[in-house]
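S.K.: Turn this into a structure:
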Amino acid sequence: MILQTEVHGLIATNSYFYIDDETRHGFLIDPGAEAEKLLKIIARENFTIEKILITHGHFDHIGAVPELQSRLGVEVCMQKNGRAYAKNSAWNLSAYFGAEMTLDDVTYLDDFSEIFLAANKNFSVKLIPLAGHTTDGAIFFAAKDCVAFVGDSIFLSSYGRTDFPGGDELTLFKNIKEKIFTLPDETILLSGHSAPTTVADEKNRPWFID
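M.R.: Model prediction:
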């Protein structure tokens, strides 16, 4: 089960619950704001969140993490370069919006780590590093359901900004080509700020410069 929930801080962001239907355990991806809203969904749906997964360390993707971490007592996981964003309010951009924040007690994962549910070892996602929007960018690919949670690397008919700390447009385009466009064409791409799209559709968009 995938449940998309738009949360609203200074920027509206898509947060995702990726849940195993059999056990009701799963992952919460990019809780950018509105911790109470997300907690109410967890209680209403009888979800057990085993890990919080972060596609990149910008404030609009991590804003609700401290409260959720405190209330749920779960592990928070980022790509190994995420420390630069978790520990630096200028890099995570919160310093520029009057609400400086940093993260503590984060697990920094190696590239291509497979992240399994304790409740069901057949339910997992793979962390695929995808720098360009940020240096710690990652997508979480679930082969079983042919879906990728892509953060701000790629959107419907567009791609992420590269003018923030750690951004690089050439790196982003190279990684989109090599790490997203090599996924199966039918892969559904779920981003931080757009409607869903697919690998096949985005390969043929005029925005992409090969």
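
S.K.: thinking residue 139 is in contact with residue 56, fair?
M.R.: No. Between residue 139 and residue 56 there is no contact under Cβ atoms under 8 Å: 9.8 Å. Placement of C-beta: from N, CA and C, glycine included.

S.K.: neighbour-wise, which of the two wins?
M.R.: Between residue 139 and residue 56, counted using other Cβ atoms under 10 Å, residue 56 has the larger neighbour count: 31 against 27.

S.K.: Quick check: that one touching residue 133?
M.R.: Yes. Between residue 56 and residue 133 a contact is recorded at 6.3 Å, counting by Cβ under 8 Å.

S.K.: overlap in contacts of the two?
M.R.: Common neighbours of residue 56 and residue 133 (criterion: Cβ atoms under 8 Å, 6 or more residues apart in numbering): 151, 152.

S.K.: any idea how far residue 162 is from residue 191?
M.R.: Taking Cβ to Cβ, to the nearest Å as the measure, residue 162 and residue 191 are separated by 15 Å.

S.K.: Between these two, which is the more surrounded one?
M.R.: Neighbour count, other Cβ under 10 Å: between residue 162 and residue 191, residue 191 has more, with 26 against 16.

S.K.: Bridging across strands, which residues link to the more buried one?
M.R.: residue 151 (DSSP bridges).

S.K.: tell me the contacts of it?
M.R.: Residue 191 neighbours (Cβ under 8 Å, 6+ apart): 14, 150, 151, 152, 153, 154, 155, 156, 197.

S.K.: Separate out the buried members of the residues you listed.
M.R.: Burial by neighbour count, 16 or more other Cβ atoms under 10 Å: within the contacts of residue 191 this picks out 14, 150, 151, 152, 153, 154, 155, 197.

S.K.: now, among the residues you listed, which is nearest to residue 104?
M.R.: Residue 104 has its nearest neighbour among those in residue 151, at 21.4 Å by Cβ to Cβ.

S.K.: Might one say that that closest one is in contact with residue 55?
M.R.: Yes. Counting by Cβ under 8 Å, residue 55 is a contact partner of residue 151 at 2.8 Å.

S.K.: any shared contact partners between these two?
M.R.: Common neighbours of residue 151 and residue 55 (Cβ under 8 Å, 6+ apart) are 30, 61, 137, 138, 139, 192.

S.K.: quick one: the strands in this protein?
M.R.: 2-8, 12-19, 25-29, 48-53, 75-79, 106-109, 114-116, 124-129, 138-142, 147-151, 154-155, 158-159, 188-191, 197-198 (DSSP state E).

S.K.: what bits of this protein have low per-residue confidence?
M.R.: Along the chain, the parts satisfying pLDDT under 70 run over 206-210.

S.K.: most centrally placed residue in the protein?
M.R.: The structure's the chain has its C-alpha centroid closest to residue 55; by Cα atoms, centre = their mean the separation is 3.0 Å.

S.K.: ok, that one to residue 203 distance?
M.R.: To residue 203, residue 55 is 21 Å away according to Cβ to Cβ.

S.K.: got it, and residue 103?
M.R.: 35 Å.

S.K.: where do the contact lists of residue 139 and residue 56 overlap?
M.R.: Common contacts of residue 139 and residue 56 (Cβ under 8 Å, 6+ apart): residue 151.
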